[in-house]
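J.: okay, here's the prediction I keep looking at, along with the sequence it came from:
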Amino acid sequence: MKKTRLNSFHKSLGGKMIEFFGWEMPLEFSGIVEEHLAVREKAGLFDVSHMGEILILGKQALDFIQYLTPNDASRLIPGKAQYTALITPKGTFVDDLLVYCLNGNKYLLVVNCANSDKDYEWILSHQEGYEVKVENKSDDYTQIALQGPLALEILTPLTEIDLEEMKPFRANLGKIAEEDVLVSRTGYTGEDGFEIYTLSSKPENIWGAILERGKDYGLLPIGLGARDTLRLEARLMLYGNDIDETTTVLEAGLGWLVKLDKGEFLGREALLRQKEEGIKRKLIGFELIERGIARPHYPVYIKGEKVSEVNSGTFSPYLKKSIGLTYLPIGHTGEGTEFEIGIRDRKIKARVIPTPFYKRDEGS
């Protein structure tokens, strides 16, 4: 298994290690519920170095990204990031990702760990005709995420970067613990926070400095378990569960990132056609009305007929109820619509509710 540069620190902190898409990663440290609530109420520190990083460089870098992704990358300026996707000609997902504009000729793509090699090959397969260089830098970067309402207070004294003035999806270069970093106000939890990228051979200096600084603030190291429950409460997509090469951007409820008027891009014709014809199914959020927990792949029924499966599902540690995501036929996606989920040998009632399930108080 691959190991991040912080692997030994996770073990020294008592991390319960598991295999995750070829990586040895911590599932939990002090417990999923405790870690989840720490991020919601105080702060949590994540090692997300398993994520992939791909550089696109050259005078046609922007043109190439515009062709590969449905969002409008021309809106990016140096120090700005954008959520977008790599999509097939059918308008379905190769992956979802963040694109950072480092300068006009240099862009950093942050992709899912399970897809980093696949994404790299996909990008290379469409490179012909563009004067660009594509580099897979996934093994070079360490990525650390500090998330939670106290993240700003914890990180501010550790860097000269003006974090308070940094808006969401903005980024800046600087130093933390004397190590060079790129810091962005982004995350995968639904909370305020920062993601830190470094090429340093000593990322433990950054990790250790943040942990030490956060001790008096209730900061905890966070594993993959709470990372998943946090992102689900915030209705943030997980590739392989909620989106994949069988689901289109419009069906996933991510039509806002499709800019049909920006010019030609992969999947544009398919998405334009689907928008005109109307989608036949949609990803919805649900809660269980009866006791139980809906796990991924549990069958979903409408009037006794199986129509889909649960894509993501858990018991929400913060909301104290069972929630999940699934695709339903478009005529059954209205708020309050009831359906059933097969849990073992029973069918449990569920209903459609608005998402995100959790949204932080912007005034906090």
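T.: Looks like it arrived, so ask away.
J.: who are the neighbours in contact with the residue most central in space within the chain?
T.: To find the centre residue of the chain, average its C-alpha atoms and take the closest one (CA atoms, centre = their mean): that gives residue 188, at 4.8 Å. The contact partners of residue 188, taken as CB atoms under 8 Å, 6 or more residues apart in numbering, are 48, 145, 147, 227, 230, 231, 236. Yep, even glycine has a C-beta here, placed from its N, CA and C like the rest.
J.: using PDB, write out the CA atom coordinates for stretch 237-249.
T.: The C-alpha atoms that make up stretch 237-249 are tabulated as PDB, following Å, rounded to 0.1, in the frame of the first residue of the first chain:
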ATOM      1  CA  MET A 237     -20.400  14.500  -4.000                       C
ATOM      2  CA  LEU A 238     -18.300  11.300  -3.600                       C
ATOM      3  CA  TYR A 239     -17.100   9.800  -6.900                       C
ATOM      4  CA  GLY A 240     -18.000   6.100  -7.100                       C
ATOM      5  CA  ASN A 241     -21.000   6.600  -4.900                       C
ATOM      6  CA  ASP A 242     -23.000   9.600  -6.000                       C
ATOM      7  CA  ILE A 243     -21.500  10.300  -9.400                       C
ATOM      8  CA  ASP A 244     -19.700   8.200 -12.000                       C
ATOM      9  CA  GLU A 245     -19.600   7.500 -15.700                       C
ATOM     10  CA  THR A 246     -23.300   6.500 -15.700                       C
ATOM     11  CA  THR A 247     -24.600   9.700 -14.200                       C
ATOM     12  CA  THR A 248     -24.700  13.100 -15.900                       C
ATOM     13  CA  VAL A 249     -23.900  16.400 -14.400                       C
END
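J.: shaky segments in the stretch 201-350 of the chain?
T.: Within the stretch 201-350 of the chain, the set of residues satisfying pLDDT under 70 is empty.
J.: quote the end-to-end distance of stretch 148-159.
T.: One end of stretch 148-159 to the other measures 18 Å (CA to CA, to the nearest Å).
J.: buried stuff in the host helix or strand of residue 274?
T.: When secondary structure is defined by DSSP states H and E, residue 274 falls within helix 268-277. The neighbour-count criterion (16 or more other CB atoms under 10 Å) identifies 268, 270, 271, 274 as the buried residues of helix 268-277.
J.: I figured residue 39 hits residue 145, correct?
T.: No: checked against CB atoms under 8 Å, the pair residue 39 and residue 145 is beyond contact range at 9.8 Å.
J.: find residues that contact each of the two.
T.: residue 189.
J.: out of the two, which sits in the more crowded spot?
T.: Each of residue 39 and residue 145 has its neighbours counted (other CB atoms under 10 Å); residue 39 has more, 32 against 23.
J.: that one is in what secondary structure piece?
T.: Secondary-structure element containing residue 39, defined by DSSP H and E: helix 32-41.
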